[in-house]
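Participant: Structure of the sequence below:
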Amino acid sequence: MGTIAKITRRTLLLGAVAVAGGVAFGYYKYRQPFENPLEDDLAEGESTFNPYLKIGSDNRITVIAPRAEMGQGIFTTLGALLAEELDVTLDQIAIEHGPPGAAYYNTASLKEGAPFPLFDDSMMAESTRAAIGVVAKFVAIQLTGGSQSTVDHFEKMRLAGAAAREMLKSAAAKRWTVDAASLTTADGKVTDPKSGKSFTYGELSAEAAVLTPPDEVKLKDARDWKILGKSQPRKDMLAKVTGAPIFGMDVAGADMVHATVRMNPHLGGKLNGLDSSAAKSMRGVLKIIEIRSPLGEGYGVIADNTWRAFQAADAVVADWGKATYPETSEAIEKQLDVALAGETGFVLRTLGDPEKAFAEASKDQIIEADYYAPFLSHAAMEPMNATARIKDGWLDLWIPHQAPTLARTLAASIAGLEEDRVRVHVTFLGGGFGRRAELDFVDYAVRLALAMPGKVVKTIWTREEDMTHSPFRPVAKAKYRAVLDKDGSPKAVLGSVASPSLTQNVLGRFFPSLPAGGPDNTMIDGAYNQPYAIENHRIDGRAVALPIPMTFWRSVGYSYNAFMHESFIDEIAAAGKVDPLALRRKLMAPYPVATALLDKVADMSGWSTPLPQGKARGIAFTVAFGTWVAQVVQVAQEEAGIRIEKVFCAADAGLVLDERNFSAQLMSGIVFGLSAAVGQKITFADGMVEQMNFSDHDGLRMYQTPAIEIAFLANSEHMGGAGEPGTPPVMPALANAVFALTGKRVRRMPLADEVTFV
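Facilitator: Sure, this is the predicted structure:
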């Protein structure tokens, strides 16, 4: 871990040099391209043009998708971006994850984290985003997250395809002694219209790849797109529906042994001692080792199959040290209450003078409410796993991971190797949601492999180990107050959010030597940065020190702040006897992108048409990860409880390249959010997580899943993401629908703690 911290401090300093613009060396280094990581591992007859493309003499065209495929369809979209400019069809290309490499650094996700609303295009906001873009290159983290994979590669992949196309044309022009500009490309061929002659890309690849790429290339106009802008068949679908061995759990090979881990259930607690005598005598057990990592302490069992490893792990008796955090959920919540009762926290955006508005208001003008959101597990369908082998001075890793360059750095440090002696093979991910950007499952797998040199050691966690040790979505609590004017509109809104700082928590694990102070906008994302033109408005964040591992969860801070903020907007509407959609439309009038979506979702849901007795609707709005989303949830009261009948979702992401795939991601986010809103929570007793499996941290089942209708508008000037924006607004929309149906305002998630769903 120290190695990662060392690298990051150095690269951040270089980034600062580039931002300041005062030292030529910093700018020079910033302008230098990264090495092409494909050059060291080319097959016979294969040539690489850039980090994203290989072409073989047999006409095999391989596109490298540098973002992890975890069900979001990014293989297909990134492949389509390059194929469009290369003038080939999707059927003509194969897509691979490719090796980890600095060339695949993520700029857009870091920019997305800038502490400004999407609609803030001030000089300060734009300068900060630009500076973050510079730092992103020096840090050079290859990361899948923030719903920005397509945004980040919208130009990169197209430029890669266009440059290769021009290099292929130049190679053909040399052969025919003609002007390259006179040649055409289509379906993987370069053609001379005058002579009718043509070469396949494979016939030209070796000559073309050694040419100097053009300084500038002209990208196609959207009107000329043949692939982009149209829904495409998923390139990963056939393998998935036929059960091909593509996930981390599927890795197999000769000399393979199987392992599992048991880590201290008191998170962060020590391992005081082990009695493994009974386990060592069990059939198939090969080795039992203690694991003492900065990420956790416990033990690992290696056996000749996974089941025997599981059984032996259960037979080990461990003396676990206690954790340093409060032992119960109630005690943890009290820490949040203390923070909310204390002084105002950090503020990133203020409109007007909220304190003055409250000082001048009478008591009957003021409403207030408290909200709560629990810890949550990611509960990915594929449990944590990693496969590793130490042999002949090399470390091979087969991992389903969202940040392979970080994994490589950590693995090299543990194994005592240089990074270029670590080969990372990224598999498909059976669900990620932020959990698979973590390093614990890689760390433990490498330590187990070191205990069995020469063997392929496949480490699989039990579901229970995964559920109880997953770095969680942070717990949060908020206090909101509003002053209403005589028309029922909010004259002032003050909100305070208490939560552990996610950024400090994550950096403490990834980069323990790197200072992580200052405001953490993830704590108040979804509240401070929403397009409400409230005259006096301020949200502050109050960081609570809580040494429980936490990490990014689908939509991060938006996942709880949207619930709290949008529920309170609804409470304002109810107190002021104003239609909740009409109130939102009034408050967001300065933002036509938002009001157009509200009009669209109102039309989709029949908002102005009364529902029959026993049915109701709720609405919510969020702009997150570059995408504006309005949602209406319709519920019905049945004899056994409340049924979620329909969800209507109107989204504006600016340019959508594949509507079917984007719709699928919004639907996925909606179901994910409903699962959390209805019944999911992580609670603590005796310092340990109480939930063990899907039986007590369940997702929405098929019979519970509502009909979902998606519509797109294209008024936004920004290209937005798909994977996360559907999640935040559905939680408050459901809570608001429950209120409209029952008159009961549920201010704590999961809602099933107070109402019954069927």
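Participant: Identify the residues contacting the residue with the largest distance to the centre of the chain.
Facilitator: No residue in the chain sits farther from the centre than S195, which is 51.2 Å out by C-alpha atoms, centre = their mean. By C-beta atoms under 8 Å, 6 or more residues apart in numbering, the contact set of S195 is W176. Glycine gets a C-beta too; all of them are placed from N, C-alpha and C.
Participant: How is it assigned, secondary-structure-wise?
Facilitator: Look at S195: counting by DSSP: H, G, I helix; E, B strand; the rest coil, its state is coil.
Participant: and the gap between it and D353?
Facilitator: 76 Å (C-beta to C-beta, to the nearest Å).
Participant: cool, and G576?
Facilitator: 21 Å.
Participant: Please apply the same query to T609.
Facilitator: With C-beta to C-beta as the criterion, T609 and D353 are 41 Å apart.
Participant: same question, A68
Facilitator: Counting by C-beta to C-beta, the gap from A68 to D353 is 46 Å.
Participant: Looking at the two, which one has more neighbours?
Facilitator: The neighbour comparison of A68 against D353 (other C-beta atoms under 10 Å) goes to A68, with 28 against 14.
Participant: I'd like the distance between the closest residue to E207 other than its chain neighbours and N59.
Facilitator: Among residues not flanking E207 along the chain, A171 sits closest, at 4.3 Å (C-beta to C-beta, 6 or more residues apart in numbering). Going from A171 to N59 by C-beta to C-beta gives 15 Å.
Participant: between these two, who's got more neighbours?
Facilitator: A171 (22 against 15).
Participant: helix/strand/coil for the more buried one?
Facilitator: helix.
Participant: hmm, back to that, let me see the contact set for the residue nearest to E207.
Facilitator: Neighbours of A171 in contact, by C-beta under 8 Å, 6+ apart: 190, 204, 207-208, 211.
Participant: Please tell me how far it sits from I132.
Facilitator: 39 Å.
Participant: Equivalent analysis for R747, please.
Facilitator: Applying C-beta to C-beta to R747 and I132 gives a distance of 35 Å.
Participant: Please apply the same query to A711.
Facilitator: 32 Å.
Participant: ok, now Q637?
Facilitator: With C-beta to C-beta as the criterion, Q637 and I132 are 48 Å apart.
Participant: Of these two, which one has the most company?
Facilitator: More crowded of Q637 and I132, by other C-beta under 10 Å: I132, with 20 against 16.
Participant: At the geometric centre of this protein, which residue sits there?
Facilitator: G145 (3.4 Å).
Participant: Hmm, that one is touching W553, no?
Facilitator: No. Counting by C-beta atoms under 8 Å, G145 does not reach W553; the two are 10.9 Å apart.
Participant: what residues do those two have in common as contacts?
Facilitator: Joint contacts of G145 and W553 (C-beta under 8 Å, 6+ apart) are G434.
Participant: what's the burial count for P117?
Facilitator: Neighbour tally, P117, other C-beta under 10 Å: 16.
Participant: ugh, wrong one, I meant F757
Facilitator: 21.
Participant: What of G321?
Facilitator: 15.
Participant: so what's it closest to, chain neighbours aside?
Facilitator: K270 (3.5 Å).
Participant: quick one: the helices in the stretch 601-750 of the chain?
Facilitator: 659-679, 727-742 (DSSP state H, counting those that start in this stretch).
Participant: Please identify the most buried of the ones you listed.
Facilitator: helix 727-742 (a mean of 28; mean count of other C-beta atoms under 10 Å).
Participant: May I have that one as PDB, with CA atoms only?
Facilitator: Provided in PDB are the C-alpha atoms of helix 727-742 (Å, rounded to 0.1, in the frame of the first residue of the first chain):
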ATOM      1  CA  THR A 727     -30.900   4.900  -9.000                       C
ATOM      2  CA  PRO A 728     -31.200   8.100  -6.900                       C
ATOM      3  CA  PRO A 729     -34.600   9.500  -7.800                       C
ATOM      4  CA  VAL A 730     -36.600   6.200  -7.600                       C
ATOM      5  CA  MET A 731     -36.100   6.000  -3.800                       C
ATOM      6  CA  PRO A 732     -37.700   9.300  -2.900                       C
ATOM      7  CA  ALA A 733     -40.300   8.800  -5.700                       C
ATOM      8  CA  LEU A 734     -41.400   5.600  -4.000                       C
ATOM      9  CA  ALA A 735     -41.500   7.200  -0.500                       C
ATOM     10  CA  ASN A 736     -43.500  10.100  -1.900                       C
ATOM     11  CA  ALA A 737     -45.900   7.700  -3.500                       C
ATOM     12  CA  VAL A 738     -46.300   5.900  -0.200                       C
ATOM     13  CA  PHE A 739     -47.200   9.200   1.400                       C
ATOM     14  CA  ALA A 740     -49.700  10.100  -1.400                       C
ATOM     15  CA  LEU A 741     -51.300   6.600  -0.900                       C
ATOM     16  CA  THR A 742     -51.400   6.300   2.900                       C
END
